[in-house]
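*Asks:* Here you go, sequence then predicted model.
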Amino acid sequence: MSKTILALFLFCAAALSAQPGHETHQQKIYDARDKVLPALVHIQPVIKNYRTGELEKQAVVGSGVIFHPEGYVVTNYHVAGKAERILCTLENREIVQAVYIGGDPLTDISVIKLDLSKYNGKLAVAEFGNSDSVQVGEYVLAMGSPLSLSRSVSAGVISTRDRYFSGEDRLPSGERTGRYNLWIQTDAAINPGNSGGPLVDLDGRIIGINSRANLFANNLGFAIPINIVKEVTAAILKDGKVTRSWIGLHCQALQELETYFGAGDNNGVLISSIDPGSPAEEVFLKAGDIILELNDKPVSARFVEELPAFYSMIAKTKPGDEIKLKVLRNDEIFNFKVKTRELGDLQGEDFECKGWGFTIKDITRQMMIESQLDDTIGVYVVGVKMGGAAADGGLRRGDVVTKINNSATPSLADFTALYQKLHDEKAEKVLLTVARSGGTRFVFLNIDNDEGDSPNE
Amino acid sequence: MNSRRVVTVLSAIAVVLLSSLSVGAQDFDFKRLEGKIKDYTLVIDLKIEVSFGMHSTEQSERMMGTLVSDDGLVIFNGAPLSSDAAISTFAGVTVKTSPSKIELTDLNGKTYEGEFIGVDRFTKIGFLKIKDYDGDLKPITFVESKAFVVGDWLALYMLLPEFVTPSVGADVGMISTVVTSPEFFPLTVGFNSLQVTSVLYNHDLQPVGVLGSLLDPSEAATDQSGMIESFQQFGIPLLGVVTSSRLQKMIADPPKQGEADRGWMGITLQALTKELADFWHLSITSGIIVNDIVAGSPAEEGGLKTGDIIYEVNGEPVEVDKDEEIPIFQRNISELGPGASVELAVKRPTDSGFEDMRLLITLAEAPMTATDAAEYESKKLEFKVRNMVFGDYMINRLDPQTFKGVVVSEIKPGGLADIGGLQLGDIIQSLDNQPIGSIEDAEAVLSKMDELRPDEAVFFVWRNNKTLFVNVKIDWE
């Protein structure tokens, strides 16, 4: 008896779902799918890891989407950043090679280009939408290769359109990320492998690039809004990178501090910290100053969600240009002019000192500030290989090598030139002078030149 | 004397051959020894206050003590009260122990009250003083033993559990080897770590030292500031004899809790390894390379330079050729004490090699450690701050000349400071726009809040190499 009722009920439900309105919704999903899915790319790059003291290559899997008729694909920086041998599988299961064009760790976006010289099929191109007009509750589709399962589509809604993460988060390669963007949060299932894949609205336009998810939660995925991606990809296609201005400010939300700072009408951006040696420090801006206007435009960050937009205003100024700031300090108004500098690379170029058992990178200004180094002179030790000559000699991650034997190594180029010479000579005893927490130490390398050099390399 | 040793050795062998029980102990006149120990052995009942975060409980500890001076000085196992045990961080919460009550009972049943003095940071021997000591007991006099020989037997008395009478019992052990590096230390077998600080007697029933353990120097404090203490001394403890000469030095000038009695040069250093010495074609094969010199320190005033190699201290060669041995050098300098003059023989690098020179350095007091820094507690905001110490400046790479503040040393979970977002380790630079350079400054502002009852307190703090404002809302209901 009860079985009959249940069967009847299911039948009713089936009949209901066949009504015209629902049909339209399903049809919209099919239409959206058809606009983007053919442009979906399964990406298998080989990325380089220097953190263990030697160059380790690692095959990873991510997703991407073709956004340009010449075969440009957008994906995450953490998928394809500085990758080599990028293998792409298109939606029609054809495999093509791709090359790395450029990337931006700060927004976790990179662009690769498909090598279409041997490809005769059709190339689908997906369209970017407008992430400013998306709404919470709007239906979305996520496409990509979750856990390497390519051509997968999942569906959900936009959970939040302005999720904030502090810009102190780091990519696996060590760069800070997230300072210049908010995130679209969705409950469409996103798993490892979805990284770099598109988040699509029901008009079949990409509104975000899926980048991260909370793996301990149910369906907490986060996408970089497409309007940010549009700017970043345009800059990468033009210059291979995003150029930003820097004045050295860190700000915090004014909420709950406005009474304390006398910011009566809840306007302005509160400076919380100033980088040493920065343009902001040089003009004597201070923590506790409240910026009311930037180039005569009122600015405000009462909530953390407003900070990325403010940082972007500074970043988008042309390096070398002057920024006018109207500042409230102790109930008085001051006007500052700050000449910006280029932010520059967050991390320097990597290098493996093969046979010596450690890896290094060039020191950029941002690294100097982050690691509280005195200057950018020398090369920064990224990793020390266990059991290698450097490990035996007492070298540590974070040391700065300033000399090889008696020759100074102020930059990576100086270092590699000296290294190459000694490596070719098969030098067995090398003395490094390193700076460690303000002191000067000596690291003696007892190098075994027969070790690790396999004949076919 | 000689014949006695022969007898000992023979009987030891005989015992090994015949049985493995109650070994070689036949030679000890325990009846006589028991009479002797009555003169100076005491049972100590310690009440220890343990605070975990901002909660505290009292623990009881019972241990054996030995009277070592005419004026009532007593030594005991100070490990539970040593500075690294007295303050440690566990899951982000500070655990502190301090003695709250000390009661002593001699073996005749007479009781005394004691006062805690301090713990030696290397041997963990604790020192306390009997209050209003009347001179009833006869202090022990340690005897310098000429030689410790493998196979020699030693006896001790240990404290027995409370439910048996009498309260002490005997045990014997044997010297298993005489360790010479990293320091002179005759190792024993047959004793256990619960007996640490018990007096050790030779066959003539002479007290030749106390039972102690040998610390792995690579695990010991590697930072002169004492900030980085060793919390991790696991593994099998190597027990042995803390010798009379070392004890007598400590008894003459016992370590006092919270008092800077350690000598300090103000350098960071590395070992001159044989490889480095070879590379530089030096005639010496061990020493200390100066890596860095603290501004305004005795090392700087004495003319020491970064890169100098110290190979002699007061005419004695510095036998350090591995970084693991550096703590031995640091301890030796430390034990010379503040004010001591130290003559260093130094090789200074020049363009053409090394130049020999001699420098005279007057040691200063070692900088105060975080353990000893004075604290202030805000009962209302439910957190504690302490004064900044040398180690804070070193670790955070801050300039002591220009940077001032106090360090958040405890936060009660769920308390106002915690909810407001202050974090353990934050350095408070100002509070409600008043600069804070010491706990007195913090106290002045925080205690005034009790009258003014503001609804918020805005802290300006240093955290992770950046500054920020932290608003702590205050509920006065």
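*Replies:* Perfect, thanks for sending it.
*Asks:* separation between the closest residue to chain A within the stretch 301-450 of chain B and A:G156?
*Replies:* Closest to chain A within the stretch 301-450 of chain B is B:R397: 4.7 Å, counting by Cβ to the nearest Cβ. Every C-beta, even on glycine, is put in place using the N, C-alpha and C of the backbone. Going from B:R397 to A:G156 by Cβ to Cβ, to the nearest Å gives 46 Å.
*Asks:* Dihedrals phi and psi, the residue of the stretch 301-450 of chain B closest to chain A?
*Replies:* phi 50, psi 50 (degrees, to the nearest 10).
*Asks:* contacting residues for it?
*Replies:* A:372, A:437-438 (Cβ atoms under 8 Å, 6 or more residues apart in numbering or on different chains).
*Asks:* Next, format those residues as TSV and append distance to chain B, neighbour count and secondary structure.
*Replies:* Output for the contacts of B:R397, formatted as TSV (distance: Cβ to the nearest Cβ, whole Å; neighbours: other Cβ atoms under 10 Å in any protein chain shown; DSSP: H, G, I helix; E, B strand; the rest coil):
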residue	distance to chain B	neighbour count	secondary structure
A:Q372	5	13	coil
A:S437	7	14	coil
A:G438	6	15	coil
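*Asks:* could I get these as CSV with pLDDT?
*Replies:* Below are the contacts of B:R397 laid out as CSV (pLDDT from 0 to 100):
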residue, pLDDT
A:Q372, 91
A:S437, 86
A:G438, 85
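*Asks:* from those, which single one is nearest B:S430?
*Replies:* Distance to B:S430 across these (Cβ to Cβ) is lowest for A:Q372, with 21.6 Å.
*Asks:* Could you measure from B:G287 over to B:A277?
*Replies:* In terms of Cβ to Cβ, B:G287 sits 8 Å off from B:A277.
*Asks:* now do A:Q97
*Replies:* According to Cβ to Cβ, A:Q97 stands 54 Å off from B:A277.
*Asks:* Neighbour count: these two, which is higher?
*Replies:* Each of A:Q97 and B:A277 has its neighbours counted (other Cβ atoms under 10 Å in any protein chain shown); B:A277 has more, 20 against 16.
*Asks:* Can you tell me the closest non-neighbouring residue to B:F329?
*Replies:* Closest residue to B:F329 apart from its sequence neighbours, by Cβ to Cβ, 6 or more residues apart in numbering or on different chains: B:V320 at 5.2 Å.
*Asks:* same thing with B:D450?
*Replies:* Spatial nearest neighbour of B:D450, excluding adjacent residues (Cβ to Cβ, 6+ apart): B:K380 at 6.6 Å.
*Asks:* can you give me phi and psi for the one you found?
*Replies:* Per-residue torsions, B:K380: phi -70, psi -50 (degrees, to the nearest 10).
*Asks:* and it, how many residues sit next to it?
*Replies:* 19.
*Asks:* That one is in contact with B:L416, isn't it?
*Replies:* Yes - using Cβ atoms under 8 Å, B:K380 is in contact with B:L416, at 7.0 Å.
*Asks:* Quick check: neighbours shared by the two?
*Replies:* Common neighbours of B:K380 and B:L416 (Cβ under 8 Å, 6+ apart) are B:I474.
*Asks:* Tell me who's in contact with whichever residue of the stretch 1-150 of chain A sits closest to chain B.
*Replies:* Across the stretch 1-150 of chain A, the shortest distance to chain B (Cβ to the nearest Cβ) belongs to A:L106, at 17.5 Å. Going by Cβ under 8 Å, 6+ apart, A:L106 touches A:175-180, A:242, A:244, A:346.
*Asks:* Reduced to three states, what does it come out as?
*Replies:* With DSSP: H, G, I helix; E, B strand; the rest coil as the basis, A:L106 sits in coil.
*Asks:* Contact partners for A:F165?
*Replies:* Listed by Cβ under 8 Å, 6+ apart, the contact set of A:F165 reads A:178, A:183, A:222.
*Asks:* hmm, which helix or strand of chain A has the shakiest average pLDDT?
*Replies:* The weakest-scoring helix or strand in chain A, judged by mean pLDDT, DSSP states H and E, is helix A:2-17 (a mean of 40).
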